[in-house]
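1. got a sequence here, can you model it:
(chains A and B)
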Amino acid sequence: MNLMPWTRQITTVFVDRQVENFPQTAKVLANLPHAAIEVVDGPQAIHSLLKKETDSIGAGKKVLHLCANKGRFVRPCPGTSHYSCCGYTIVHIGAYCPMDCAYCVLQAYFHPPVLSFFVNQDELFAQLDEFFARKPADMRRLGTGEFTDSLVWDSVSDLSARLVERFAAQNHAVLELKTKTACVDGLLGLAHNRKTIVAFSVNTPRVIKEQERSTASLAARLAAARKCQESGYPLAFHFDPQVIYPGCEDEYVKVVEQIFKSVSPQNTVWISLGAFRCMPDLLPVIRGRFPKSKLPYGELIPGLDNKMRYFKPLRTALFEVMVKALKDIAPGVTAYFCMEDEPAWKKCFGFAPSTQGGIAALLDEAAVRVCGIEGKSGR
Amino acid sequence: MDCKRINSPIDMLDWADTTFEITIGRDREALGRSIAIAGLVHPPFVRQKSDGSLQMVSGFARAAVCKEQGCSTIPVHILPGSMDMAACACLAVAENSGQRALNTMEQARAVALFERFIAPEELESFLPLVFGRPVPAGFAKKIAALVNLPQSLHLPLALGRISLPVAQRLCRMPQKQAQAIGGLLAALPLSVSKQKEIVDHLEETAAGEDKSVDEILEEPGLKEILQGSRDDANVTARLVRQWLKMRRYPRLESAMKAFDQRLSGLGLPPSVSWQPPPFLESSTHRLLLRFESREGLESLRDIISQILAHPALGELLDE
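-> Next up is the predicted model:
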């Protein structure tokens, strides 16, 4: 396998003693021959080491902790209070990300954050088997991109491929692999049965350049999306977080145009829109690690969930432009807000999701339509 | 301590040598009155330097008052030549802290003096002399750093016009910027939280626009407020805060202002207060009704009907 740039920056792989002899451990280690290997009894030793670093958050991106997930692999997304959520289900494959985005909440979410990858994957697949047998009606959309980028370990592990193939063998739910990379080659030859959505986080070239270190360019992401489409995968795009700056509206509309010059609206399952928001603790982290970033200096106010958000009229003004562009350019594509309230929906989309069964129902319907999972009657 | 008391010509004191000076921000007038009436009861401690001049270890203020009062000689205690600098530093601090609690700037000077003459591993045991209680060395180090602030800010800090947390932030800034912000804060009557708010808004506005804080402070709108002649400094402080808030959050502040204007158009009586959602983020408004009797409550029914019929209601509710 060709190593991705971020895997080359891994200096040490810490292996939990209890997973030392797991087959996935051997596989990952074989693909990281340049890294030192250290066996540890739990994460404390790694934390102590990282806390000595001036930039412990950055240092956590250069070590990899192979360990077992002791909690649930498949679990509901906690969402947020007071705002409308989409009823997503997380497939927890690991934590943190070797790419370095200024706005990344994971910087302040773990103390200190460490790249970790779970190798007790037999348990993951056992939980998935149980899930597919049960077919819970409220869990139709699952994704690995909540606590990490879905594809960052594809050059050292076959987990994505195994997940794609496992989802291909059922008709109840879809798997969303969400990424800021263009590393899709490992997916292209797989028998996916359209039950895997390859989703790209997108942003304006300016935001990518200024706020997203080590990620793929917009052009590279869209080229990767096109390759996935050519391989028959359904696609999704996430404009999240949208950053407000002078002239951003035109630049975001251009991104919408570029997306649908590259791929087909009919093959796009959904597009999410979410403005930059974060827990207050993240702002000093951004100031410290990204001194040139203007993110902390936007007109941010404490939201109803105590996260910092752009002042609402600023968010909705951008959203209105985006929704109009999407309606003009890709009218059939399901678009939705990530963590906005019903008044914002009404203002921008002209309806409140609760009147249409909620966001989850909208997205489930899109998955039925584009990915061919069983419809409501099949639940 | 075997000191020799002499009456020295006052010009023998080395006024430029402030190595041991601790006192700042004290009332010289009261001291002057006391010396004028009773003379110098407690003479300064001094060290004899190799050139024969006298280095003051304590009593800087007393000596200065004597000079101001035209004394040609001054009684002093000459410390024994065997006394090392660390012991002199302890004496200098004890002479001040033994009489009163030191203000922040005096604490800073005292710790900085100890840092200069006392071994780092011994420093913590000397800190109670400064603070009146044991304190962690890290805390003392932060206090000592205040001596590096621009000289013009030492007195406002000693007088409590600049709060300690804000002063510590000023310490981390370039001198010019610290001087500019500190100067502004010292001139306005502000609580600690309002001082922090001003520094936040200045720094964030500057950082967000790739400008220096000095450039923001030089903007005509702010200069106009600061140069305006007002009897009440509290009004100036309020105007400065409003200006900075508008500068930092222009859309939010404009919207809040517009909301207030529309609200005042409703002409609500004092018994009714309308609270918009914080930062206009949610759509839940609150109406607080005050009444004392059935009749009073009855009259509020009419007021609510008037609000419902008012043309500005739709705008207030963002309909």
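
2. count of neighbours near the residue in the stretch 51-200 of chain A that chain B sits nearest to?
-> When scored by Cβ to the nearest Cβ, the stretch 51-200 of chain A has A:His82 as its residue closest to chain B, at 7.4 Å. All C-beta spots, glycine's among them, are computed from the backbone N, C-alpha and C. By other Cβ atoms under 10 Å in any protein chain shown, the residues close to A:His82 number 13.

3. ok, now how distant is the closest residue to chain A within the stretch 1-150 of chain B from B:Ala145?
-> Nearest residue of the stretch 1-150 of chain B to chain A, counting by Cβ to the nearest Cβ: B:Gly138, 16.7 Å away. Computed as Cβ to Cβ, to the nearest Å, the B:Gly138 to B:Ala145 distance reads 11 Å.

4. same question, A:Glu146
-> 43 Å.

5. which of the two has more neighbours?
-> More crowded of A:Glu146 and B:Ala145, by other Cβ under 10 Å: A:Glu146, with 20 against 17.

6. what about the residue nearest to that one when sequence neighbours are not counted, how many residues nearby?
-> The shortest distance from A:Glu146 to any non-neighbouring residue, by Cβ to Cβ, 6 or more residues apart in numbering or on different chains, is to A:Ile90 (4.5 Å). Using other Cβ under 10 Å, A:Ile90 has 18 neighbouring residues.

7. who's in contact with the strand or helix carrying A:Ile90?
-> For A:Ile90, the host element (DSSP states H and E) is strand A:89-91. For strand A:89-91, contacts defined as Cβ atoms under 8 Å, 6 or more residues apart in numbering or on different chains pick out A:73-77, A:124, A:128, A:139, A:141-144, A:146-147, A:163, A:173, A:175.

8. repeat for stretch A:364-371
-> A:140-141, A:173-174, A:194-195, A:197, A:234, A:266-270, A:334, A:373-376.

9. can you rerun that using 6 Å?
-> Counting by Cβ atoms under 6 Å, 6 or more residues apart in numbering or on different chains, stretch A:364-371 makes contact with A:140, A:174, A:194, A:234, A:269-270, A:334, A:373, A:375, all of which sit outside it.

10. just checking, what packs against the host helix or strand of B:Glu204?
-> When elements are defined using DSSP H and E, B:Glu204 is found to belong to helix B:192-208. When contacts are defined as 3 or more Cβ pairs under 6 Å, 6 or more residues apart in numbering or on different chains; DSSP states H and E, helix B:192-208 packs onto helix B:164-171, helix B:213-217, helix B:233-248.

11. which parts of it are buried?
-> Across helix B:192-208, burial judged by 16 or more other Cβ atoms under 10 Å in any protein chain shown covers B:194-199, B:201-208.

12. now swap in stretch B:307-319 and tell me
-> In stretch B:307-319, counting by 16+ other Cβ under 10 Å, buried: B:307, B:310, B:316.

13. ok, the first one - contacts?
-> With contact taken as Cβ under 6 Å, 6+ apart, B:Ile307 is in contact with no other residue.

14. all helices of the stretch 251-379 of chain A, in order?
-> Here the stretch 251-379 of chain A has its helices, by DSSP state H, counting those that start in this stretch, at A:282-289, A:312-329, A:342-349, A:359-371.

15. and of those helices, who's closest to A:Leu187?
-> Of all these, it is helix A:359-371 that lies closest to A:Leu187, at 15.0 Å by Cβ to Cβ.

16. what angle do the closest one and helix A:342-349 make?
-> Angle of helix A:359-371 versus helix A:342-349, following axes from the mean of the first three to the mean of the last three Cα atoms, to 10 degrees, is 40 degrees.

17. could you check helix A:359-371 and say which residues are buried?
-> Within helix A:359-371, the residues that count as buried by 16+ other Cβ under 10 Å are A:359-360, A:362-368, A:370-371.

18. how about stretch A:321-336?
-> A:321-323, A:325-326, A:330, A:333-336.

19. now for the residues you listed: which two are most distant?
-> A:Val321 and A:Thr334 (18.4 Å).

20. pull up the gap between the residue in the stretch 201-350 of chain A that chain B sits nearest to and A:Glu176, please.
-> Nearest residue of the stretch 201-350 of chain A to chain B (Cβ to the nearest Cβ) works out as A:Tyr297 at 3.0 Å. From A:Tyr297 across to A:Glu176, the span is 32 Å (Cβ to Cβ).

21. between these two, who's got more neighbours?
-> A:Glu176 (26 against 18).

22. hang on, the more buried one is in a helix, isn't it?
-> No. A:Glu176 sits outside any helix when classified using DSSP: H, G, I helix; E, B strand; the rest coil, being strand.

23. wait, it sits on A:Ala199?
-> Yes. A:Glu176 is in contact with A:Ala199 according to Cβ atoms under 6 Å; the separation is 5.1 Å.

24. start to end distance for stretch B:129-148?
-> One end of stretch B:129-148 to the other measures 22 Å (Cα to Cα, to the nearest Å).

25. tell me the mean pLDDT over it?
-> The average pLDDT for stretch B:129-148 rounds to 94.

26. let me see the contact set for B:Tyr249.
-> Going by Cβ under 6 Å, 6+ apart, B:Tyr249 touches A:Glu299.

27. the stretch 51-200 of chain B: helices as residue ranges?
-> B:60-68, B:85-97, B:104-117, B:120-126, B:128-131, B:137-144, B:154-158, B:164-171, B:175-186, B:192-208.

28. what angle do the last one and helix B:233-248 make?
-> It stands for helix B:192-208. 30 degrees.

29. quick check: angle from helix B:192-208 to helix B:164-171?
-> 20 degrees.

30. what does the stretch 51-200 of chain B have sitting close to chain A?
-> Residues of the stretch 51-200 of chain B found near chain A (Cβ under 6 Å from any Cβ of the partner chain): none.

31. for chain A, what's its nearest residue on the stretch 51-200 of chain B.
-> For the stretch 51-200 of chain B, Cβ to the nearest Cβ, closest residue to chain A: B:Asp200, 10.7 Å.

32. setting aside sequence neighbours, what's the nearest residue to that residue?
-> Going by Cβ to Cβ, 6+ apart, B:Asp200 has B:Arg248 as its nearest residue, at 8.0 Å.
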